[in-house]
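Colleague: sequence and predicted structure, then a few things I'm wondering about:
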Amino acid sequence: MDLGQLRKTILEKVKDEIINQKISVYRDELQASIEFNISGIKECINQPCSTHVFITKLDLIADHLIESLTAAEYIGYTSYQTHPKEHVLGYHYFKTQMGGVTLYFNVQFTIQKKLVLYSITEKAYI
């Protein structure tokens, strides 16, 4: 399977198993649940990173997303935005390990007071 098809397959899987089922992840630190949407999952899948990290990240998204975000270590909040968006107040960051690779969940905190998984990156911008 080529990389483009793999990305589409993972997106459809997450859409069917998480987004359409309205699954969310409650985090005590935030006293709220983190939601998932198509644009956030697309960003997670397409966010540039090194090649060895990319395969690990795709595996995490396809098969370990909920349990990884549930168990991830909360590392903090920042209002800093590398690409400012009017509807975003800031980002909460969570750190996880998978296959010896450190990854960071970037969770948007919106003006509607929603928490939405926005991206998975190799570094946190705190």
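Modeller: Received the coordinates, thanks.
Colleague: how long is stretch 117-126 end to end?
Modeller: Terminal residues of stretch 117-126 lie 17 Å apart, using C-alpha to C-alpha, to the nearest Å.
Colleague: wait, Glu122 sits on Tyr104?
Modeller: Yes - assessed by C-beta atoms under 8 Å, Glu122 is found in contact with Tyr104 at 7.3 Å. C-beta: built from backbone N, CA, C; applies to glycine.
Colleague: who has more neighbours, the two?
Modeller: A direct count of neighbours by other C-beta atoms under 10 Å for Glu122 and Tyr104 places Tyr104 higher, at 21 against 15.
Colleague: how about the nearest residue to the more buried one, chain neighbours excluded?
Modeller: Nearest non-adjacent residue to Tyr104, counting by C-beta to C-beta, 6 or more residues apart in numbering: Ala124, 4.5 Å away.
Colleague: who are the packing partners of the lowest-mean-pLDDT helix or strand in the chain?
Modeller: Least confident helix or strand, the chain: helix 51-63 with a mean of 92, by mean pLDDT, DSSP states H and E. Helix 51-63 is packed against helix 3-14, helix 38-46, strand 88-98, strand 101-110, strand 115-121, with contacts defined by 3 or more C-beta pairs under 8 Å, 6 or more residues apart in numbering; DSSP states H and E.
Colleague: many thanks, we can stop here.
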